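In: Got a predicted structure plus its sequence, pasted below:
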Amino acid sequence: DSVSFRKLRDFTYVANAIITGVMLLVLIPPVFDFIAQDLIELPDEVARLTYFSLWLLLPWPGAIGYRRFFQGTLIRDGRTRLVAYGTAIRLTTMATTALILYFTVSPPGAYLGAAALSVGVCAEAIAARLMASGTVRRLLETPRDEATSEPIGYRKIFDFYYPLALTSMIGLAVHPMVTFFMGRARFPIESLAVLPVVNSLSFIFRATGLSFQEVAIVLMGKRFEHAKELRRFAVGLGLASSVGLALIAFTPLADIWYGTISGLTSELSAFAIPPTMILVPLPFLSVILSYQRGILVQGRTTGPVTVATAIEVGGILVVLAALIHWVNLVGATAAAIAFVAGRLGGNTYLIRPCMQTTARTTQGS
């Protein structure tokens, strides 16, 4: 109804403003220097590239929040195809921006990537708003049914949202921590160079899991009547995603991807292939995680999602520290093992809350 829509929209806008403000705070030179040099101990050149790249990425978090809000309205309206169109717009805009910058200005790769990401996500946010205009118009014209709809307030929105927001914050915190540990592992420069490339390849196959969460929430059913069908689909989708990554990791396609497409030297490609092999289970685990989160969000039980993320991040850091300090593994390889171990820990923890949520809802019916 119109009241709920306006409150959710206002809540989103305020959250976007707060996140952007926090990012601006981080960009204050003394604050950034403390984080980059004192905490993470980045090399001076890397810190300089990071600082200006973050300025280019300043619109990114707000644009993502804006985009996801209107994508949510499209998904709830059953217009999921338009979300895919938005993704195509983002990718096309990113590629176009990158090519224009490369052939005209030729900035450092970090600047080019940051600019392309910001322009792409802003274009997708604008497209999402335009594509959702019909849905928004209908929502604003829909009065709340006092008999069937439950009133929603900002406190209720916050109580439901903050575990999910905390989940994202905890998850994002793992990246600088992994960077910190890899800087103290064997071959730190090589590991720091190849891990983003390896993660990018892995993300292509993990992206199916990210989008499946929204699908699960919408199609699960209020009484989880479609949970079994979604679970079967999730297992099949996850296996297909991991098999796709394996076809690259364990075949000569890995050399083509890293050497020809990504432009890594033969030495760096040799560092990248073992972590890629280790990350093969991650797409499957990511789809399962999205299915589990879909159950908990649909059941209005978001607290376990935060706990699972904390377990995942804690597992990553413990495993990574052990592999670096006691086993003396190459940093990128240790990070890949830690990522899989941490995600498996989070998946395992969520099994019981998911079973309790579905059982409680089913019994309530």
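Out: Received, thanks.
In: CA only for contacts and neighbour counts going forward, please
Out: OK.
In: Who are the packing partners of the helix or strand bottoming out on mean pLDDT in the chain?
Out: Here the helix or strand of the chain ranked lowest by mean pLDDT, DSSP states H and E is helix 154-182, holding a mean of 74. When contacts are defined as 3 or more C-alpha pairs under 8 Å, 6 or more residues apart in numbering; DSSP states H and E, helix 154-182 sits against helix 2-26, helix 188-219, helix 303-322, helix 331-364.
In: What mean pLDDT does the last one get?
Out: For helix 331-364, mean pLDDT rounds to 88.
In: Return the set of buried residues in stretch 249-256.
Out: By neighbour count on 16 or more other C-alpha atoms under 10 Å, the buried set for stretch 249-256 is 249, 254, 255.
In: Now, these that are in helices?
Out: Those of the buried residues of stretch 249-256 mapping onto helices are 249, 254, 255, per DSSP state H.
In: can you put the residues you listed in a markdown table and add distance to residue 143 and pLDDT?
Out: Converted to a markdown table, these look like this (distance: C-alpha to C-alpha, whole Å; pLDDT from 0 to 100):
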| residue | distance to residue 143 | pLDDT |
| --- | --- | --- |
| 249 | 54 | 95 |
| 254 | 56 | 93 |
| 255 | 58 | 91 |
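In: which of the residues you listed lies closest to residue 93?
Out: Nearest to residue 93 out of those is residue 254 (C-alpha to C-alpha; 26.9 Å).
In: show me the contacts for the nearest residue to residue 180 once chain neighbours are set aside.
Out: The shortest distance from residue 180 to any non-neighbouring residue, by C-alpha to C-alpha, 6 or more residues apart in numbering, is to residue 40 (5.1 Å). The contact partners of residue 40, by C-alpha atoms under 8 Å, 6 or more residues apart in numbering, come to 176, 177, 179, 180.
In: State the pair within those that is farthest apart.
Out: Pairwise distances across these peak at 6.1 Å for 176 and 180 (criterion: C-alpha to C-alpha).
In: Looking at these two, which has the bigger crowd around it?
Out: Ranked by neighbour count (other C-alpha atoms under 10 Å), residue 176 and residue 180 place residue 180 first, with 18 against 15.
In: Report whether the expected contact of the more buried one with residue 41 is present.
Out: Yes: between residue 180 and residue 41 a contact is recorded at 7.1 Å, counting by C-alpha atoms under 8 Å.
In: so where's the stretch 151-300 of the chain shaky on pLDDT?
Out: Applying pLDDT under 70 to the stretch 151-300 of the chain flags residues 151, 163-164, 167-172.
In: now the contacts of residue 40 as TSV including distance to residue 245?
Out: Shown next, in TSV, are the contacts of residue 40 (distance: C-alpha to C-alpha, whole Å):
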residue	distance to residue 245
176	25
177	26
179	24
180	27
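In: what sits against residue 206?
Out: By C-alpha under 8 Å, 6+ apart, the residues touching residue 206 are 241, 282, 283, 284, 286, 287.
In: Helix, strand or coil: sort out the first one for me.
Out: State at residue 241, reduced to three classes by DSSP: H, G, I helix; E, B strand; the rest coil: helix.
In: count of residues packed around it?
Out: Residue 241: 26 neighbours (other C-alpha under 10 Å).
In: Likewise for residue 200?
Out: Using other C-alpha under 10 Å, residue 200 has 12 neighbouring residues.
In: Quick check: the residue nearest the centre of the chain vs residue 293, distance?
Out: With distances taken as C-alpha atoms, centre = their mean, residue 210 lies nearest the centre of the chain, 6.9 Å away. From residue 210 across to residue 293, the span is 10 Å (C-alpha to C-alpha, to the nearest Å).
In: same question, residue 356
Out: For residue 356, the distance to residue 293 - C-alpha to C-alpha - is 13 Å.
In: One more: residue 181?
Out: Per C-alpha to C-alpha, residue 181 is found 29 Å from residue 293.
In: again with residue 42
Out: Going from residue 42 to residue 293 by C-alpha to C-alpha gives 34 Å.
In: Which residue of those two possesses the greater neighbour count?
Out: When neighbours are counted by other C-alpha under 10 Å, residue 42 and residue 293 differ, and residue 293 comes out ahead with 26 against 19.
In: hang on, isn't that one packed against residue 215?
Out: No: contact between residue 293 and residue 215 fails when scored by C-alpha under 8 Å: they sit 11.0 Å apart.
In: How far off centre is stretch 264-276?
Out: Put simply, stretch 264-276 sits 24 Å off its chain's centre (C-alpha atoms, centre = their mean, to the nearest Å).
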